[in-house]
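Visitor: Sequence and predicted structure below; questions after.
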Amino acid sequence: MVAQLHEHYLSQIKGFQLCDVARSGTAALEFLGRKKYDLVILDVFMPKMDGLQFLAKVREKDFDVDVIIVSAANDKDKIKQALRLGAVDYIIKPFEFERFNLALCNYQRRHHLVEEQQVFEQNDLDSTIIRQEKGNLAVLPKGLDKHTLAVVWEKICSFDGMFTTEEVAALVGLSRVSIRKYLEFLKAINLLKLDLHRGSVGRPVYKYLCLDKKSDVLNVYMH
């Protein structure tokens, strides 16, 4: 179930392709021994061999692969060990799509820089590898457009209270199916809340509520 959730999140991010899913550290090592991978999304709690033991084996065998840990393990010792073993990021469960997206986009940019350049200037390292500045790195899920998102957000901010998908679709001029993708994204990054609204007449209707019209969180997606 966890692997399927990660696969779903990964499918929303441009530039990444799921190659294989391993159910244990032992199985993952067998994969690495047969095929070249760029990145492993790794949990700490796994059967037979936990994620940190797996990561130590990866370094011992000198596999040329990067690792991002996504785990509920949040104690200091495990996090320190993971970072010392070369994990490029550590995401603590439960997490939101935005954090996963940011980690993958940070990694993607660093990966391209290291692969494409032979000699580095300090500015390259500062802006891309060291600082990982959020403002330039987050990207929208597949199928979403930043200009349309800006229009959708503008219309949402014009509502005083709750609103439906149909109401936003009418203002923007897009289908309900298309608008729902934008609304679900905004809900995933905690800008909208979805509730079952019981009107005085007719069946209940799902309505959205904007949680923070002054939030600047969308700025990281508008570069």
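Guide: Yep, it's here.

Visitor: Who are the packing partners of whichever helix or strand Y9 is part of?
Guide: Element membership of Y9 [criterion: DSSP states H and E] is helix 2-11. Applying 3 or more CB pairs under 8 Å, 6 or more residues apart in numbering; DSSP states H and E, we find helix 2-11 packed against helix 97-116. From N, CA and C alone the C-beta is placed, and that goes for glycine too.

Visitor: can you pull the buried residues of the helix it packs on?
Guide: 98, 100-110 (16 or more other CB atoms under 10 Å).

Visitor: could you dump those to TSV with pLDDT and distance to K146?
Guide: Below are the buried residues of helix 97-116 laid out as TSV (pLDDT from 0 to 100; distance: CB to CB, whole Å):
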residue	pLDDT	distance to K146
E98	79	15
F100	88	19
N101	86	14
L102	83	16
A103	87	20
L104	88	18
C105	83	14
N106	83	19
Y107	87	21
Q108	85	17
R109	80	17
R110	82	22
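
Visitor: Would you mind giving these as JSON lines with distance to K181 added?
Guide: JSON lines is the format used below for these (distance: CB to CB, whole Å):
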{"residue": "E98", "distance to K181": "16"}
{"residue": "F100", "distance to K181": "18"}
{"residue": "N101", "distance to K181": "15"}
{"residue": "L102", "distance to K181": "20"}
{"residue": "A103", "distance to K181": "22"}
{"residue": "L104", "distance to K181": "19"}
{"residue": "C105", "distance to K181": "19"}
{"residue": "N106", "distance to K181": "24"}
{"residue": "Y107", "distance to K181": "25"}
{"residue": "Q108", "distance to K181": "22"}
{"residue": "R109", "distance to K181": "25"}
{"residue": "R110", "distance to K181": "29"}
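
Visitor: Can you name the element that comes right after the lowest-mean-pLDDT helix or strand in the chain?
Guide: Least confident helix or strand, the chain: helix 122-124 with a mean of 74, by mean pLDDT, DSSP states H and E. Note on helix 122-124: by DSSP H and E, the next helix or strand toward the C-terminus is helix 146-157.

Visitor: from the chain's centre, how far out does that next one sit?
Guide: Distance of helix 146-157 from its chain centroid, counting by CA atoms, centre = their mean, to the nearest Å, is 21 Å.

Visitor: Return the list of helices and strands in contact with it.
Guide: helix 165-172, helix 176-188, strand 205-210.
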